[in-house]
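S.K.: no FASTA, just this:
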């Protein structure tokens, strides 16, 4: 398991440290120690100079072009995002590739300039996702009020995989954590425990 300081640091970043550890352990075995070390080292780093990461790899004989190097580099970038703008920036800018851990946005992590009051009391939201995500019902918090955005995500993000799916759900306004009316993607960040009436839709008929 990750060290207690690392688990605490990941919790501050709204990342489930146990889930992340299990995922990395299955993939990298004993080399997971490098993630533990790197998170502890760079969690509070003032500088986000990428050369620090490459120096770390050189000092530990890690090929930064390997899969391990790629996954470590993505985590380093997530630490940089968090150090620059906190959990919200990490949540909004995190990339899905290279095993980036899931970030769960909490109400206290959202900015105060939300446009939630502009939403109807009950809204319909959509999410484009992989078939695996749908089958596992382990949804992330990136949803939208625009079905076309969900369709675009499902059909373009997974261009090298089986085509994604689109899910429709309902949520009450008071259960939305953040919404920016000026966001071109019309993203809604919900409390996942409050979404209901989840159904798979045939977007080819839209």
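M.R.: On my side now, so go ahead. Remember, it's a predicted structure, so these values are computed and weren't measured experimentally.
S.K.: going forward, measure contacts between C-alpha atoms and count neighbours the same way
M.R.: Noted.
S.K.: other SSEs contacting the helix or strand hosting residue 19?
M.R.: Under the criterion of DSSP states H and E, residue 19 resides in helix 17-28. Helices and strands touching helix 17-28, as assessed by 3 or more Cα pairs under 8 Å, 6 or more residues apart in numbering; DSSP states H and E, comprise helix 4-12.
S.K.: Flag every buried residue along the helix it packs on.
M.R.: For helix 4-12, the neighbour count (16 or more other Cα atoms under 10 Å) marks 6, 7, 8, 9, 10 as buried.
S.K.: angle of it against helix 17-28?
M.R.: Angle, helix 4-12 to helix 17-28, by axes from the mean of the first three to the mean of the last three Cα atoms, to 10 degrees: 110 degrees.
S.K.: distance between helix 4-12 and the chain's centre?
M.R.: Distance of helix 4-12 from the chain centroid (Cα atoms, centre = their mean, to the nearest Å) equals 17 Å.
S.K.: Check which helices and strands it sits against.
M.R.: helix 17-28, helix 33-42.
S.K.: how far is the longest one from where the chain is centred?
M.R.: Same thing as helix 17-28. With Cα atoms, centre = their mean as the basis, helix 17-28 stands 15 Å off its chain's centre.
S.K.: Contacts for that helix next, please.
M.R.: 1, 2, 6, 7, 10, 11, 32, 68, 101 (Cα atoms under 8 Å, 6 or more residues apart in numbering).
S.K.: shaky segments in the chain?
M.R.: 45-48, 95-98, 158-162, 205-206 (pLDDT under 70).
S.K.: tell me the domain ranges of it?
M.R.: 4-97, 114-205 (automatic domain parsing).
S.K.: Thanks again, I'm all set now.
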